[in-house]
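How does the following fold in three dimensions:
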Amino acid sequence: MSSGHPAGLCGVDAMTPNPLVVTGRVTRAEVPGLCAELEALLAGAPGVAAVDCDLGGVTHPDLVLVEAVARLGLVARRAGGVQLRLRRTPAALRALLALVGLADVVGNIRTFPE
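Model prediction:
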């Protein structure tokens, strides 16, 4: 008996909007723009349960990036409890997030390794 191929692309959730991609070194001045970009992504995908944030191109994980992640998490939560999934998260950023206890404060943020 053959079950056939599932519809769509393997490993792609049809209900997840295009990811928010963060690259380079994030400055405080860029954080409002990242939040606005996430708001636009979420506005274009009403009813979405999760949004991916690709951090693989980040060159300098620091506390400014932690602040950016916290604010992005709040934007997602205010959009109806949307989960913010951090993808390709550098090890240094995962360590900083654990150090400051961000996952305990903003419960809708999930990190995934590089």
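
show me what contacts D54?
19-22, 87-88 (CB atoms under 8 Å, 6 or more residues apart in numbering). In this view, the C-beta of every residue, glycine as well, is placed from N, C-alpha and C.

buried set for the helix or strand where it lies?
Per DSSP states H and E: D54 is located in strand 50-58. Buried residues in strand 50-58, counted by 16 or more other CB atoms under 10 Å: 51-55, 58.

that older thread, who wins on neighbours among the contacts of D54?
Tallying neighbours with other CB atoms under 10 Å puts L20 at the head of the contacts of D54, with 23 neighbours.

Setting aside sequence neighbours, what's the nearest residue to that residue?
C53 (4.7 Å; CB to CB, 6 or more residues apart in numbering).

The one you found against V82, yeah?
No - taking contacts as CB atoms under 8 Å, C53 lies outside contact range of V82: 11.2 Å.

Is the closest residue to E67 other than its chain neighbours part of a helix or strand, or is it coil?
Once flanking residues are discounted, E67 sits nearest to V31: 6.5 Å by CB to CB, 6+ apart. Classification of V31 using DSSP: H, G, I helix; E, B strand; the rest coil returns helix.

Nothing else from me, thank you.
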